[in-house]
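Trainee: no FASTA, just this:
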């Protein structure tokens, strides 16, 4: 149980286009999901907290108009990188809580990540 | 505010030797602490976690970590390194029961295992 799936695992897009990354909780309902960004050979930086049915909460320094987050259902959050540029190339990882699960109050579960390359 | 410091961005050990990866944290509330491993171009795999109770936590693949509140540390150890342990390791802290479960990660330690 408690599986989080991201799609796609890899994506290459042209500069100026937008790309959407999906994060799904496969066997549980996640009221809260998190989006992280990992620069090459760097740690994971929290970008935003995605709340089902409400606006996402962005961390300081993250452009909310650049990184659009939508959490329209209890099993799906999406991150859209708008007007992508090469500097947006990165590894993006989502995580979700399973509040009803046996481990729900102690840990979040991570997706496998999405490698975005903007050319 | 919470923070995590991992000492040593790169650690090399010989196969069969002790692995010690250091993690210190700061938190104004009782923390939950985690160690994750990441292989290239993959997501995070949970090795072990501390929430409450026993301070020595055993995880997968022979890893264990000890929560030392007085030292604000949560170092990861493994008695005997295996070649397959070569990866990036991240220590993370969350706010536990009082928080929203967003994680603050350390900068990572790349473990290299020498034959």
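Mentor: That came through fine. Keep in mind the model is a prediction, meaning the values are calculated, not measured. Residues are numbered from 1 along each chain as shown, chains lettered A, B, ... in the order given.

Trainee: dump the residue contacts of the residue lying closest to residue A:82 once chain neighbours are set aside.
Mentor: Once flanking residues are discounted, residue A:82 sits nearest to residue A:18: 4.7 Å by CB to CB, 6 or more residues apart in numbering or on different chains. (C-beta placed from N, C-alpha, C; glycine too.) Contact analysis of residue A:18 by CB atoms under 8 Å, 6 or more residues apart in numbering or on different chains lists A:80, A:81, A:82, A:83, A:84.

Trainee: Looking at chain B, what residue ends up closest to chain A?
Mentor: residue B:43 (3.9 Å; CB to the nearest CB).

Trainee: Weed out the non-buried ones from the contacts of residue A:18.
Mentor: A:81, A:84 (16 or more other CB atoms under 10 Å in any protein chain shown).

Trainee: Can you classify residue B:8 by secondary structure?
Mentor: Secondary structure, DSSP: H, G, I helix; E, B strand; the rest coil: residue B:8 is coil.

Trainee: At the contact with chain B, which residues of chain A appear?
Mentor: A:6, A:32, A:34, A:36, A:42-46, A:49, A:91, A:93, A:95, A:97, A:105-108, A:110-113, A:115 (CB under 8 Å from any CB of the partner chain).

Trainee: got the end-to-end distance for stretch A:64-78?
Mentor: Stretch A:64-78 has an end-to-end distance of 13 Å (criterion: CA to CA, to the nearest Å).

Trainee: That stretch: which residues count as buried?
Mentor: In stretch A:64-78, counting by 16+ other CB under 10 Å, buried: A:67, A:68, A:69, A:71, A:75, A:76, A:77, A:78.

Trainee: Can you tell me what sits against that stretch?
Mentor: A:20-26, A:28-31, A:33, A:35, A:47-48, A:50-54, A:56, A:58, A:79-83, A:88, A:94, A:96.

Trainee: Where do the strands of chain B begin and end?
Mentor: Assigned by DSSP state E, the strands in chain B fall at B:3-5, B:10-14, B:19-21, B:24-26, B:32-38, B:44-50, B:56-58, B:64-68, B:73-78, B:87-94, B:104-105, B:109-114.

Trainee: Chain A too?
Mentor: A:4-7, A:10-13, A:19-25, A:32-38, A:44-51, A:57-58, A:67-73, A:76-81, A:90-97, A:108-110, A:114-118.

Trainee: if you skip the residues just before and after it, what's nearest to whatever residue of chain A ends up closest to chain B?
Mentor: Nearest residue of chain A to chain B: residue A:112, at 3.9 Å (CB to the nearest CB). Once flanking residues are discounted, residue A:112 sits nearest to residue B:43: 3.9 Å by CB to CB, 6+ apart.

Trainee: Near chain A, which residues of chain B? Just list them.
Mentor: Near chain A, when you scan chain B using CB under 8 Å from any CB, you find B:32, B:34, B:36, B:41-44, B:46, B:49, B:51, B:90, B:94, B:97, B:100-108.

Trainee: Of these, keep whichever come out buried.
Mentor: Buried, going by 16+ other CB under 10 Å: B:32, B:34, B:36, B:43-44, B:46, B:49, B:51, B:90, B:94, B:101-108, out of these.

Trainee: Name all residues that make contact with residue A:60.
Mentor: Per CB under 8 Å, 6+ apart, neighbours of residue A:60: none.

Trainee: So for residue B:48, what's the nearest residue that isn't a sequence neighbour?
Mentor: Closest to residue B:48 by CB to CB, 6+ apart is residue B:59, at 2.7 Å.
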